[in-house]
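Engineer: Below: sequence and its predicted model.
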Amino acid sequence: MKLPVGQRKSSFEMNMTPMIDVIFQLLIFFLCTSNFIQPEWLLSTNLSLPGAVKSPDAIPPELLDLDEAIIELRTDGSLYWLIADVRYDSLESVGATLKALSEAKSDLPVLLDIGPEIPLGNVIDIYDLCRLCGLSKVQFAAELSDNPNTSNE
């Protein structure tokens, strides 16, 4: 017996719409979670080649390994700045060091530790200098009070 022609359906249909939706969702996910920062900017390199001229704003090697720059403003009759136990007697030398630090590590956090006897004008000067040098994460250090009237709860 011969089968009718209308009942022979051997073609297999596959609905592609859900598969295309999944592909677009994966594409959007990978675009949103990818990081477009070039790894060359993250790696510190020493390009001191023979015959090369060193920069006059060379920073001390102990400052290159900092995860956080702590700038202390102190006075002993004259105002001075301490960065990683290196003393600076002028704001210009601090500015040169901060500029070199910001070029080496642009996202370096800076913590300003201001002595109680430092005038407000000098505090504003060092804060402005940090921002002018390109350091955007500048914060002030604060002491916790030993006042018994305040609770830490």
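Structural biologist: Good, I have the coordinates.
Engineer: Do a quick rundown of the helices in the protein.
Structural biologist: Counting by DSSP state H, the chain has helices at residues 17-33, 61-64, 91-104, 120-132.
Engineer: And those, which one averages the lowest pLDDT?
Structural biologist: Among those, helix 61-64 carries the lowest mean pLDDT, a mean of 64.
Engineer: Give me the buried positions along stretch 129-136.
Structural biologist: With burial defined by 16 or more other C-beta atoms under 10 Å, the residues of stretch 129-136 counted as buried are 129, 130, 133, 135. (Each C-beta comes from the backbone N, C-alpha and C, glycine too.)
Engineer: what's the longest strand in this protein?
Structural biologist: strand 69-75 (DSSP state E).
Engineer: what's the angle from that strand to helix 120-132?
Structural biologist: 160 degrees (axes from the mean of the first three to the mean of the last three C-alpha atoms, to 10 degrees).
Engineer: Remind me what strand 69-75 packs against, helices and strands.
Structural biologist: Strand 69-75 is packed against strand 79-83, helix 91-104, strand 110-114, helix 120-132, with contacts defined by 3 or more C-beta pairs under 8 Å, 6 or more residues apart in numbering; DSSP states H and E.
Engineer: ok, now with 7 Å
Structural biologist: Here strand 69-75 touches strand 79-83, strand 110-114, helix 120-132, going by 3 or more C-beta pairs under 7 Å, 6 or more residues apart in numbering; DSSP states H and E.
Engineer: I'd like those laid out as CSV, including distance to residue 29.
Structural biologist: Below are the helices and strands packed on strand 69-75 laid out as CSV (distance: least, C-beta to C-beta, whole Å):
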stretch, distance to residue 29
strand 79-83, 43
strand 110-114, 36
helix 120-132, 37
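Engineer: how about these, which one is nearest residue 73?
Structural biologist: strand 110-114 (5.0 Å; C-beta to C-beta).
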